[in-house]
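A.B. asks: I'll drop the sequence and a predicted model, then ask my questions.
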Amino acid sequence: MRFAVLILTVTLAPFAVSAQHSEHSQQTQHMAAIAGPSEPGQSAFAAIQEVVTILNADPSTDWARVNIDALRAHLVDMDNVTLRADVTSRDVPGGASFAITSGDDAVRQSIARMTTAHAAVMSGVDGWAYQTEATENGILLTVTGPDNGAMHIRGLGFFGIMASGMHHQNHHLAIARGGSPHDH
């Protein structure tokens, strides 16, 4: 009798596990359907949505100063630089120099705004020096650092340099609140 129960248990166990898995999967799908999607579908829209949620939750928000259109314009600049700019780099003593260019005037304007603003905010952080120079088709950004900074800077490259610093989120909130975009 025990042998028969053992065989029956071993034989039916996979079906019990499969049934439990199926039931769990159905519950998970049902809960996801009730909660709805969580991704807004596009990163600029998500950034705006996040800021709007913060502003709505903050009773001290001065709605007369809020400027979501300015935040959107900044996000367009970010998109232009990240996806549409051409970048060439060369090693310089202590770091790297990046020529950020475009044949499109709107992208060149985005390059100028983004690169010079980032250099102003980040220069001196971690001992790195940022210098910008306007060129015919964009901006020349040179970043240098002390000691082993050169390898770090070269490893990050232009886009890693631009993504450095956890000031971006506060920067977006400051823009949306109608303040100077570089007051954090």
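C.D. replies: Cool, got the structure.

A.B. asks: With adjacent residues omitted, what lies nearest to residue 99?
C.D. replies: residue 88 (4.9 Å; CB to CB, 6 or more residues apart in numbering). All C-beta spots, glycine's among them, are computed from the backbone N, C-alpha and C.

A.B. asks: ok, the one you found - contacts?
C.D. replies: The contact partners of residue 88, taken as CB atoms under 8 Å, 6 or more residues apart in numbering, are 98-99, 101.

A.B. asks: Secondary structure and distance to residue 164 for those - can I get that in JSON lines?
C.D. replies: Formatted as JSON lines, those follow (DSSP: H, G, I helix; E, B strand; the rest coil; distance: CB to CB, whole Å):
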{"residue": "98", "secondary structure": "strand", "distance to residue 164": "13"}
{"residue": "99", "secondary structure": "strand", "distance to residue 164": "19"}
{"residue": "101", "secondary structure": "strand", "distance to residue 164": "21"}
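
A.B. asks: mind listing what's buried in stretch 43-62?
C.D. replies: By 16 or more other CB atoms under 10 Å, the buried positions in stretch 43-62 come out as 47-48, 51, 55.
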